[in-house]
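>>> dropping a prediction and its sequence here:
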Amino acid sequence: MIEAVGLTKRYGAKTAVDDLSFQVRPGAVTGFLGPNGSGKSTTMRMILGLDRPTAGHVTIGGHPYRSLPNAPRQVGALLDAKGVHGGRSARNHLLSLAQLAGIPAARVDEVLGVVGLQDVARRRSSGFSLGMGQRLGIAAALLGDPQVLLFDEPVNGLDPEGIHWVRNLMKMLAAEGRTVFVSSHLMSEMALTADHLIVIGRGRLLSDMSVTDFISANSADFARVRVPEDGPEDRQKLTAALIEAGGRVLSEPGGALRVTGLPLPRISDLAHGCDVRLWELSPHQASLEEAYMRLTQGLVDYRSSDDAKAGLVEPPPLDAYGNPLGGHADAPAEPVEVPQEGWYAPPPPAPRPAPAPAPASSPVAEPSRPTEPAPAAEPSSAAPAKEQTSKDPR
Ligand SMILES: Nc1ncnc2c1ncn2[C@@H]1O[C@H](COP(=O)(O)OP(=O)(O)OP(=O)(O)O)[C@@H](O)[C@H]1O
């Protein structure tokens, strides 16, 4: 087990890691997430004794890394796949590491086979592709058959087959009872690989929970509702009914409605009640990416948007019907568009006030949120996914 207590690292005036406490347990893949510059690599370096904490401490199996007897046999790590002597062959690189740690040469050939580099084992690593370099780094981490493994961005540069292979490898290592701690920016990959997540932002702990709990704590389920394309007035009628019943309605690309705050049977009954046929009524859960974006939206140091404050503006307060307080209750019930650029994450579930008696006039849809950042398409969405691009200018 890895245990950090009050771990802090300052570089001059910059606090890279700020009072971080967490445990990484054996038998599970623990994902380590955070925006660029949030302190993931610094934390990993402190775990491995490569950086000295300014305050706090971190141990592996109860000992600081530097006090572990024969550490390479207990802990394996991939921090930087490029940290290889390019003039050496893959085999010689591993052989030199093995000799330093008293690991037999036979193990070198074994791990070369595990990562699929046996055919290029005698080639100089300077000619390796990014993906081959990653495989060599993973081979080095596995060399001592360690119980604790740390991987910093292990799927960087890998093709889909390679990503699939890394995913299965991580899961297999965890299933063998090892501690697997892996950082990544690929949310879709983390959703498939990790059991548990530790999320940091600006060096601080934001979340430490299972993937499932993380998604449900940071996002809300929603229903997708589609009416026949030849019935715009039906769509409007249904939207008004859904809002009046306390639902929140957004318009998706392709004409579907995204509804939160109402269970599926209730939506079905409301459609039946206003005589509107449905072509689709399906349950959806926000993706890990959407939940992650929502949690970290205020803590991104490097953002590609021209407007650094995009997405940080709170929407105006709503009444029980989703109307802006002081808004126009008699405006037509038109659903607001799901934002089309950047990313969109539905809000976490929040208790709604008890609905007041329905006013005679038709309520309006929830107010537009022009400053809310726009959508990461959720897998089954009609629109193609649009990923947020965060750029680290370093
Ligand atoms: N040696 C150093 N000297 C000064 N500042 C540093 C040093 N190492 C890291 N930092 C700063 O500490 C912060 C955290 O950096 P770190 O590399 O740990 O983040 P990260 O989460 O791994 O980022 P990324 O996802 O981009 O790899 C950044 O602001 C970085 O510029």
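Everything's here; your move. Residues are numbered from 1 along each chain as shown.

>>> looking at this, Asp119 is in a helix?
Yes: counting by DSSP: H, G, I helix; E, B strand; the rest coil, Asp119 is part of a helix.

>>> measure it to Ser96 for me?
As judged by C-beta to C-beta, to the nearest Å, Asp119 and Ser96 stand 21 Å apart. C-beta: built from backbone N, CA, C; applies to glycine.

>>> of these two, who's got more company?
Ser96 (12 against 8; other C-beta atoms under 10 Å).

>>> count the residues that sit near the closest residue to Gly83 other than its chain neighbours.
Distances taken as C-beta to C-beta, 6 or more residues apart in numbering put Gly137 closest to Gly83, at 7.7 Å, once the chain neighbours are dropped. Gly137 has 24 neighbouring residues, counting by other C-beta under 10 Å.

>>> try Gly254
So Gly254, with other C-beta under 10 Å, has 11 neighbours.

>>> could you look up the SS state of it?
coil.

>>> check which element follows whichever strand or helix holds Pro265 along the chain.
Counting by DSSP states H and E, the element that carries Pro265 is helix 264-273. Downstream of helix 264-273, the first helix or strand assigned by DSSP H and E is strand 280-284.

>>> any idea how the chain splits into domains?
Domain ranges of the chain: 2-217, 220-394, per automatic domain parsing.

>>> so which of these comes closest to the ligand?
Closest of these to the ligand is domain 2-217, at 3.2 Å (criterion: C-beta to the nearest ligand atom).

>>> is the ligand within reach of that closest one?
Yes: Domain 2-217 comes into contact with the ligand (C-beta under 6 Å from any ligand atom), by way of 11, 14, 16, 34, 36-42.

>>> tell me the mean pLDDT over that domain?
The average pLDDT within domain 2-217 is 92.

>>> distance check, Leu95 against Ser251.
Separation of Leu95 from Ser251 (C-beta to C-beta) stands at 61 Å.

>>> same question for Leu136.
In terms of C-beta to C-beta, Leu136 sits 49 Å off from Ser251.

>>> and if you look at Ser184?
For Ser184 relative to Ser251 (C-beta to C-beta), the value is 33 Å.

>>> neighbour-wise, which of these two wins?
Comparing Ser184 with Ser251 by other C-beta under 10 Å, the one with more neighbours is Ser184, at 21 against 17.

>>> let me see the contact set for that one.
Ser184 makes contact with 31-33, 153-155, 190, 193, according to C-beta atoms under 8 Å, 6 or more residues apart in numbering.

>>> quick check: phi and psi on Arg248?
With angles defined as degrees, to the nearest 10, Arg248 sits at phi -110, psi 130.

>>> that one pairs with what?
Thr260 (DSSP bridges).

>>> count the residues that sit near it.
Burial of Arg248 is recorded as 23 neighbouring residues (other C-beta under 10 Å).

>>> one more: Gly76?
Counted by other C-beta under 10 Å, the residues lying close to Gly76 total 24.

>>> what is the helix or strand containing Ala191 packed up against?
Element membership for Ala191, per DSSP H and E: helix 187-193. On a contact count with 3 or more C-beta pairs under 8 Å, 6 or more residues apart in numbering; DSSP states H and E, helix 187-193 meets strand 28-33, helix 160-175, helix 288-296.
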